[in-house]
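[1] The amino acid sequence is not available; the structure is as follows:
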Ligand SMILES: [Zn+2]
């Protein structure tokens, strides 16, 4: 499973993809930028179009550049974007992976009628972008059956080898009327088994436990900005288990590490901890942020390495409980594991 590191144009540090940066993570294979951000920064948009996204970011050949269409940003701000302008940006900036424009994301609180409108508008956009490598987008919502049906019935969309699944974030964040975790799991299983040949990308998966879930369901790639968001709040991720607050940055509160967790963090081999250790993690300002963000992303990449090693060797079921501590997602992970054991894996 590919981890796609979500970036922010407002601050491109730490440059984890750059071999010349002290924060370089050699196992990182993909980064994501959002069209929503370019839309707010016309000068950056023009520069990325002139240079191409790869050169604009200074991304080496072994790292793929993913573009998010900004649908979540447009949902939050109520701003609108032009399809034609997005298309022009894709053509000039040449990302390696890019969704159609624009999906209309439903929120769990919306009435059935409103969710139907989101579905219709999103499917119209999918049908308008069957050409040139645009990736179709569907949503984990009450309309998922209709999405699966509509994609399967459309010859060109059915023939596409990629699919992106969005709208999972408001549900995982337990927004009012959010789908239950069980329902989300069921819906993801449904998508995976309906489109066995497609490379499936899941938008916005943040923590280590949800990575396990995605890995068990044989999702091909996930993106996350959680490594940066957590770092900004003074939070670091512990391998296998949850988040811990290591730097007191004022307004945020969280669980602090206990003695054995500090011990674990002291032993961390990520590029940031190897040089600066716990002191770097606790630092304020941009240095502390870069340290924590690099550490967090490294933990995610290592988690996937651990997960895939054990899934491949068929030793996952003997080890995941110890690894995941007492994650709230544990019951769900057990269900996903049971589904994986009873259903044959998709053809490789
Ligand atoms: Zn570290």
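    Arrived safely, thanks for sending. All values derive from a computational prediction rather than experimental measurement.

[2] neighbours of the residue lying closest to residue 176 once chain neighbours are set aside, just the number please.
    Closest residue to residue 176 apart from its sequence neighbours, by C-beta to C-beta, 6 or more residues apart in numbering: residue 109 at 5.2 Å. Yep, even glycine has a C-beta here, placed from its N, CA and C like the rest. For residue 109, the count of nearby residues is 12 (other C-beta atoms under 10 Å).

[3] Run through the strands of the stretch 1-150 of the chain in chain order.
    2-6, 30-34, 64-68, 137-139 (DSSP state E, counting those that start in this stretch).

[4] what's the following helix or strand after the worst-scoring helix or strand of the chain on mean pLDDT?
    For the chain, counting by mean pLDDT, DSSP states H and E, helix 168-172 ranks last in confidence among helices and strands (a mean of 72). Downstream of helix 168-172, the next assigned helix or strand under DSSP states H and E is helix 181-194.

[5] Doesn't residue 165 belong to a strand?
    Yes. The assignment for residue 165, made by DSSP: H, G, I helix; E, B strand; the rest coil, places it in a strand.

[6] Identify the bridge partners of it.
    Beta-bridge pairing for residue 165 (DSSP bridges): residue 138, residue 202.

[7] Run a quick neighbour tally on it.
    Residue 165, neighbours per other C-beta under 10 Å, totals 24.

[8] list the contacts for it?
    137-140, 188, 191, 200-203 (C-beta atoms under 8 Å, 6 or more residues apart in numbering).

[9] any low-confidence regions in the stretch 201-348 of the chain?
    252, 326, 343-348 (pLDDT under 70).

[10] So which residues on it come close to the ion?
    268, 270, 273, 295 (C-beta under 5 Å from the ion).

[11] Just give me the neighbour total for residue 322.
    Neighbours around residue 322, by other C-beta under 10 Å: 8.

[12] how much space is there between residue 331 and residue 286?
    According to C-beta to C-beta, to the nearest Å, residue 331 stands 39 Å off from residue 286.

[13] pull the longest helix from the chain.
    helix 285-312 (DSSP state H).

[14] What angle do strand 2-6 and it make with each other?
    160 degrees (axes from the mean of the first three to the mean of the last three C-alpha atoms, to 10 degrees).

[15] If you count neighbours, what's buried in helix 285-312?
    288-304, 306-307, 310-311 (16 or more other C-beta atoms under 10 Å).

[16] now stretch 23-36
    23-25, 28-36.

[17] Now for the nearest residue to residue 179 once chain neighbours are set aside: which residues touch it?
    Distances taken as C-beta to C-beta, 6+ apart put residue 171 closest to residue 179, at 4.9 Å, once the chain neighbours are dropped. Counting by C-beta under 8 Å, 6+ apart, residue 171 makes contact with 108, 140, 178-179, 184.

[18] now, among the buried residues of stretch 23-36, which is nearest to residue 322?
    Top of the list for closeness to residue 322, among the buried residues of stretch 23-36 and by C-beta to C-beta, is residue 25 at 25.5 Å.

[19] Share the number of residues neighbouring the residue nearest to the closest one when sequence neighbours are not counted, please.
    Leaving aside its chain neighbours, residue 25 sits nearest to residue 16 (4.6 Å; criterion: C-beta to C-beta, 6+ apart). When neighbours are counted by other C-beta under 10 Å, residue 16 registers 25.

[20] what's near enough to touch residue 16?
    5, 23-25, 28, 293-294, 297 are the contacts of residue 16 under C-beta under 8 Å, 6+ apart.

[21] Mind doing that once more with 10 Å?
    5, 7, 23-26, 28, 31, 63, 227, 271-272, 290, 293-294, 297-298, 301 (C-beta atoms under 10 Å, 6 or more residues apart in numbering).

[22] quick one on the thing from earlier: by contact count, what packs against the next helix or strand after the longest helix of the chain?
    Counting by DSSP H and E, the next helix or strand C-terminal to helix 285-312 is helix 316-324. Applying 3 or more C-beta pairs under 10 Å, 6 or more residues apart in numbering; DSSP states H and E, we find helix 316-324 packed against helix 208-216, helix 285-312, helix 330-342.

[23] Next, residue 225: phi, psi?
    phi -110, psi 0 (degrees, to the nearest 10).

[24] secondary structure element for the most centrally placed residue in the chain?
    In the chain, the centroid-proximal residue (C-alpha atoms, centre = their mean) is residue 223; its distance is 2.0 Å. Assessed by DSSP H and E, residue 223 sits inside strand 221-224.
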